[in-house]
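Asks: could you work out the structure for the sequence below:
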Amino acid sequence: MIILKSCLVLSLLTALQPVENQKVIPATPNIISFDTDYHKKGTWVQIPKGTKKITFNVKAENTETVLFWLVPTGTETWNQRKLIGYDIKEDNKDNQFTLTWNIDRPSLLDHLHIQALGEGIANDTINLIME
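Replies: As a prediction, this is how the structure comes out:
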């Protein structure tokens, strides 16, 4: 019995000792889902002509902020992007990020690029077309 108690005490004491050179690796952002209030046709979100507002919904883990970028279609257009909004995490249980964008143009043929920011960056893109 004394040996059993001694082993128990030793295991508890060694578990409480700090481990040298132990690195804690923070979890990187993970985009679980990304959608809008309009349907997709192929790889394009179909937005009816004349629409004035659209809501984007992102579910992401290990994320503090989500940035929403509008990027023109074509090649090498990243430098022409426009930040149309962002959403910041409310509390530790908040994994939902939303942006309602007031469409400020008569037509759309663009990419919506999102960046989930935390201890790193996760990216995703959907295509937008107004018909």
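Asks: list the contacts of the residue positioned nearest the centre of the chain.
Replies: Centrality entry for the chain: nearest residue to the mean C-alpha point is residue 116, 3.2 Å, by C-alpha atoms, centre = their mean. Contacts of residue 116 were listed using C-beta atoms under 8 Å, 6 or more residues apart in numbering, and they are 29-31, 58, 60, 63, 65-66, 97, 122-124. Quick note: C-beta positions are derived from backbone N, CA and C, even for glycine.
Asks: give me the phi and psi angles of it.
Replies: Main-chain dihedrals, residue 116, degrees, to the nearest 10: phi -90, psi 120.
Asks: identify the bridge partners of it.
Replies: According to DSSP bridges, the residues that bridge with residue 116 are residue 66, residue 122.
Asks: that one and residue 94, how far apart?
Replies: 13 Å (C-beta to C-beta, to the nearest Å).
Asks: swap in residue 85?
Replies: Remark: distance between residue 85 and residue 94 (C-beta to C-beta) = 17 Å.
Asks: next one: residue 35
Replies: Residue 35 is 18 Å from residue 94, by C-beta to C-beta.
Asks: pull the helix or strand with minimum mean pLDDT from this structure.
Replies: Lowest by mean pLDDT, DSSP states H and E among the helices and strands of the chain is helix 2-16, with a mean of 56.
Asks: quick one: low-confidence residue ranges for the protein.
Replies: Applying pLDDT under 70 to the chain flags residues 1-21.
Asks: show me where it has strands.
Replies: Using DSSP state E, the strands found in the chain span residues 30-36, 40-41, 44-47, 53-61, 63-72, 82-88, 96-102, 109-118, 120-130.
Asks: for these, which one sits closest to residue 23?
Replies: Nearest of these to residue 23, taken as C-beta to C-beta: strand 120-130 at 15.2 Å.
Asks: what's near enough to touch the nearest residue to residue 111 once chain neighbours are set aside?
Replies: Once flanking residues are discounted, residue 111 sits nearest to residue 71: 4.5 Å by C-beta to C-beta, 6 or more residues apart in numbering. By C-beta under 8 Å, 6+ apart, the residues touching residue 71 are 77-78, 80-82, 110-113, 125.
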